[in-house]
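>>> Quick one, what's the 3D model for this:
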Amino acid sequence: MEELNIKPCACSSGNKLEEIGSVGKVEKKEPGFFSGKTLWAALLVTVVIWFALYSQLLSFSKYFSFELLGLIPGSRIGETVQFFVYDTPKVLMLLGLVIFGIGIIRSYVTVEWTRKMLAGRRESVGNVMAALLGVVTPFCSCSAVPLFIGFVAGGVPLGVTFSFLISAPMVNEVALVLLYGMMGWKIATLYFVTGITIAIVAGWIIGRLGMEKHVEGWVKLATANPSGSLGAMSFEERVGFGLESVKDIVGKVWLYMVIGIAAGAAIHGYVPEGMMASIMGKGAWWAVPVSVLMGIPMYTNAAGVIPIVDALLGKGAALGTVLAFMMSVIALSFPEMVILRKVLKPKLIAVFVGVVAGGILIVGYIFNMII
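Presented below is the predicted three-dimensional model:
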């Protein structure tokens, strides 16, 4: 398989494409102290402590900001500090809990199992399955590309692989947890439904165009990464896999998340009410395409952009416009195109960008019309 010298992206630890798919591999160990009933008791105690701490975060943020630091409630600096002190631990705690749970689920979803599930499916069914599998697999485009290579080499239809490639970075546990934690379940659900729909439809359209010849030739000759197979695991090992997932993913995104929350806190405290309504509001018809174009040169993952999106919404920006901006940053960034150029020819990349951008524009305008 050709060596790929890919520069690390915003959420990568610098591994080569072939190595990224093996994140979280767990070696078999002898049973330790935390096994059987002891492990279950430890998990139960941890969950109780988690909920007890989570329920006190808002009170703590107000005590820290307005009593301990002596800031004035309602002042710009006071609101900025309170926003940051409340949201940072809240999102980190939600992220850790959900990634741990998804990590245990992911221990059952190996690369080989995923490829077998997708191979031989009719494109319409395969597009739906691939888009849903993207939710519980890699959370960024650089991690999804090695799996994309394995799927193409394994005979999975091209359109089905694109449904996976789109949904994996755009609709993942990190994005959904952050959206739920900062904006509530309604927006998180809307984002999930629209993101999955874009992945399914865009993959189906690309599959209909018959562009297999525009995939680089070496990709079809590549072999799937055997290290992605985890084999049979005990429950203790699956818990260990979940903890490794938390360590790996939170370790990669926490800095972007803190920077994003800090930017969001500054917008929350200092941008005048209604200012964003004139720039990114429903009345500005051009705001949706401009937001998509602005997102393309940027690169961050959901952890960095969602806190900013939350603050923009709070200042009057339209929901469809900010979601279009967010989807563009995550799914259509220029650095991602550089990575994809290693496996796709320019014409197929152009079609990919055009189809996905079209879907994002439609979603943006629909949201602005109905909400």
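>>> What segments of the stretch 201-350 of the chain are helices?
Ranges of helices within the stretch 201-350 of the chain are 217-221, 235-270, 275-280, 287-295, 302-314, 319-331, 334-340, 346-370, based on DSSP state H, counting those that start in this stretch.
>>> do you know which of the ones you listed lies nearest Val145?
helix 334-340 (5.7 Å; Cβ to Cβ). Heads up, the C-betas are built off the backbone N, CA and C, glycines and all.
>>> Could you give me the buried positions within the closest one?
Buried residues in helix 334-340, counting neighbours by 16 or more other Cβ atoms under 10 Å, are found at Pro335, Glu336, Met337, Ile339, Leu340.
>>> can you pull the contacts of the residue nearest to the last one when sequence neighbours are not counted?
By that I understand Leu340. Using Cβ to Cβ, 6 or more residues apart in numbering and skipping the chain neighbours, the partner closest in space to Leu340 is Ile349 (5.6 Å). Ile349 makes contacts with Met337, Leu340, Arg341, as judged by Cβ atoms under 8 Å, 6 or more residues apart in numbering.
>>> could these be laid out in JSON lines, adding distance to Val135?
Listed next are the contacts of Ile349 as JSON lines, based on distance: Cβ to Cβ, whole Å:
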{"residue": "Met337", "distance to Val135": "23"}
{"residue": "Leu340", "distance to Val135": "21"}
{"residue": "Arg341", "distance to Val135": "26"}
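>>> Output those residues as CSV; include the columns pLDDT and distance to Gly70.
As requested, these are exported to CSV (pLDDT from 0 to 100; distance: Cβ to Cβ, whole Å):
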residue, pLDDT, distance to Gly70
Met337, 79, 49
Leu340, 80, 52
Arg341, 83, 54
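>>> so the residue lying farthest from the centre of the chain, which of the three states?
Here the chain reaches farthest from its C-alpha mean at Gly70, the gap being 37.2 Å by Cα atoms, centre = their mean. Assigned by DSSP: H, G, I helix; E, B strand; the rest coil, the conformation of Gly70 is coil.
>>> Make residue 1 into 669 and carry on from there
Okay, using 669 as the starting number, the last item reads as Gly738.
>>> Can you report how many residues lie near Gly919?
10 (other Cβ atoms under 10 Å).
>>> now Ile1017: how far from Lys1010?
According to Cβ to Cβ, to the nearest Å, Ile1017 and Lys1010 sit 11 Å apart.
>>> make that Gly764, sorry
From Gly764 over to Lys1010 the distance is 33 Å, taken as Cβ to Cβ.
>>> quick one: which of these two has more around it?
Per other Cβ under 10 Å, whichever of Gly764 and Lys1010 has more neighbours is Gly764, with 19 against 16.
>>> now that one: how far from Phe751?
21 Å.
>>> what's the answer for Val977, then?
Counting by Cβ to Cβ, the gap from Val977 to Phe751 is 14 Å.
>>> With Ser996 instead?
25 Å.
>>> Between these two, which is the more surrounded one?
Shown here are Ser996 and Phe751; by other Cβ under 10 Å, Ser996 has more neighbours (27 against 24).
>>> Go ahead and confirm the more buried one touches Ile1028.
Yes: contact criterion Cβ atoms under 8 Å: Ser996 and Ile1028 qualify, at 6.0 Å.
>>> what residues are shared contacts of these two?
What both Ser996 and Ile1028 touch, as defined by Cβ under 8 Å, 6+ apart, is the set Val960.
>>> okay, Phe702: pLDDT?
Per-residue pLDDT puts Phe702 at 67.
>>> before we move on, what about the one 10 residues further on?
Turning to Leu712, the model gives it a pLDDT of 92.
>>> What about it, how many residues nearby?
Counted with other Cβ under 10 Å, residues neighbouring Leu712 total 10.
>>> One more: Ile834?
The burial count for Ile834: 31, using other Cβ under 10 Å.
>>> Now for the residue nearest to Gly1032 when sequence neighbours are not counted: which residues touch it?
Excluding its sequence neighbours, the residue lying closest to Gly1032 (Cβ to Cβ, 6+ apart) is Ala992, at 3.3 Å. Counting by Cβ under 8 Å, 6+ apart, Ala992 touches Val956, Ser959, Val960, Gly963, Ile1028, Leu1029, Val1031, Gly1032.
>>> Single out whichever of the residues you listed has the smallest pLDDT.
Scoring the contacts of Ala992 by pLDDT puts Gly963 last, at 76.
>>> so that residue makes contact with Val990?
No: with contact defined as Cβ under 8 Å, Gly963 does not reach Val990; the gap is 10.4 Å.
>>> gap between Val958 and Gly1022?
For Val958 relative to Gly1022 (Cβ to Cβ), the value is 17 Å.
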